[in-house]
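[1] Please work out how this folds:
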Amino acid sequence: MEEPFLSNIVKLSGTPFPVEEISGSGQVKPPPTASLAHAESAAALRESEEQFRVFFELAAMGAAQADVETGRLIRVNDRYCEITGYSRAELLSETFRNLTHPEDQAADWEKFQRMVRGETREYDAEKRYIRKEGEVIWVHVTSTAVRDARGKPLRTVGLVQDITERKQAEADLRLSEERFRAQYKNFPMPTFTYQVKGNGEFVLVDYNDAGDTLTQGHVAEFMGWAAGEVFRDQPEILAEMSRCFREKAPFHHELQYRLRATGESKHLAVTYVFVPPDLVMLHAENITERKLAEAALKKSKSDLEHMLENMGIPFFSLDHQWRYTYV
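    I've put the predicted structure just below:
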């Protein structure tokens, strides 16, 4: 059975009515002004109680009052019933502890008791409820204690919001981030991530395993460095990063770069990729071996042509359609 609203259990307090006269029966008669003040206070109390009742019943979130000692539910609204899956009658024979997931009960009850003891102004928590049919849901609970004039806690009033969808979205996002992180770390191409800071500088904030290998483990020393310092000897790299960020489009070019960490010179095919809202990734493919092979092939061809020119005898070559390719 539901108990009265909060105002029904709080006694009106004030100074005693002054005695104007004592009747023959010995009863004290308060002056007319005191009787009027009492009537006005009672009317204001009834109006306040009605406003609270309307708010409590029509709140878009679940609302509940609970006993401070046992956590027994004293009053609940329709939305609270919808959230938990129980009827109003069923809930009024339950405690909110029984609705709380077993793994959350101990910490949750301690928070509640700290609020009741006055150590905190309110109790605010995200926890799991178990609905009547056994489904586990997430709720956000905000509660406060109602106290008498001496500060003694009378009961608690709380608002409960179903945040299951938000929690699921957060879990999905975390999983997506973990997958991306795994892909990023294991991506075979060396990758370095720069973030644009408030002063407009690009600062190295991350790198993958391939990037660590390319720099022979030295890239960690440059974490937090500005790109202007990392690439001070090759400002065209910083210019391309700025262009990528400004135009929010990828760019690609090949260059010869001396690794600051090791002093080695590498041929790199660099792709700049904008990642909203404030990142630029540098994918640096090491093409040194390919470039060396191309240079060796070019030299071999040049040497062969030089040899043929100096043989002193006619020489020519044909393709598969009997066309001259060299004379």
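[2] quick one: what helix or strand has the spatially most central residue of the chain in it?
    Residue closest to the mean C-alpha point of the chain, counted by Cα atoms, centre = their mean, is Glu170 at 7.0 Å. Assessed by DSSP states H and E, Glu170 sits inside helix 164-186.
[3] Give me the next element, helix or strand, following that helix.
    Downstream of helix 164-186, the next assigned helix or strand under DSSP H and E is strand 191-196.
[4] what about whichever helix or strand comes after that next one, distance to the chain center?
    Counting by DSSP H and E, the next helix or strand C-terminal to strand 191-196 is strand 202-207. Relative to its chain's centre, strand 202-207 lies at 21 Å (Cα atoms, centre = their mean, to the nearest Å).
[5] tell me what strand 202-207 is packed against?
    Judged by 3 or more Cβ pairs under 8 Å, 6 or more residues apart in numbering; DSSP states H and E, strand 202-207 is in contact with strand 191-196, helix 227-230, helix 235-247. Placement of C-beta: from N, CA and C, glycine included.
[6] Pipe the ones you listed into a markdown table and attach mean pLDDT per row.
    Converted to a markdown table, these look like this (pLDDT from 0 to 100):
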| stretch | mean pLDDT |
| --- | --- |
| strand 191-196 | 96 |
| helix 227-230 | 92 |
| helix 235-247 | 93 |
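[7] Check the ones you listed for me and report the most buried one.
    With neighbours defined as mean count of other Cβ atoms under 10 Å, these peak in mean count at strand 191-196, which reaches a mean of 20.
[8] elements contacting that strand?
    The contact analysis (3+ Cβ pairs under 8 Å, 6+ apart) places strand 191-196 against strand 202-207, helix 209-214, strand 279-286.
[9] swap the cut-off to 10 Å and go again
    Applying 3 or more Cβ pairs under 10 Å, 6 or more residues apart in numbering; DSSP states H and E, one finds that strand 191-196 contacts helix 164-186, strand 202-207, helix 209-214, helix 227-230, helix 235-247, strand 265-275, strand 279-286.
[10] could you give the angle of the fifth one to strand 191-196?
    Orientation of helix 235-247 against strand 191-196 (axes from the mean of the first three to the mean of the last three Cα atoms, to 10 degrees) gives an angle of 70 degrees.
[11] Next: the longest one.
    Using the same axes, to 10 degrees, the interaxial angle of helix 164-186 with respect to strand 191-196 works out to 130 degrees.
[12] got the angle for helix 164-186 vs strand 279-286?
    Going by the same axes, to 10 degrees, helix 164-186 makes 30 degrees with strand 279-286.
[13] what's the average pLDDT for helix 164-186?
    Computed over helix 164-186, the mean pLDDT rounds to 93.
[14] Which positions within that helix qualify as buried?
    For helix 164-186, burial by neighbour count (16 or more other Cβ atoms under 10 Å) applies to Lys167.
[15] picking that back up, list the contacts for the residue nearest to the centre of the chain?
    Going by Cβ atoms under 10 Å, 6 or more residues apart in numbering, Glu170 touches Trp138, Ile163.
[16] Quickly find the element holding the spatially closest residue to Arg121 that is not a sequence neighbour.
    Leaving aside its sequence neighbours, Arg121 sits nearest to Thr144 (Cβ to Cβ, 6 or more residues apart in numbering; 7.0 Å). Per DSSP H and E, Thr144 falls inside strand 136-147.
[17] Off-centre distance for that strand?
    Counting by Cα atoms, centre = their mean, strand 136-147 comes out at 21 Å from the chain centroid.
[18] what angle separates it from helix 164-186?
    Counting by the same axes, to 10 degrees, strand 136-147 lies at 120 degrees to helix 164-186.
[19] With that, I have no additional questions.
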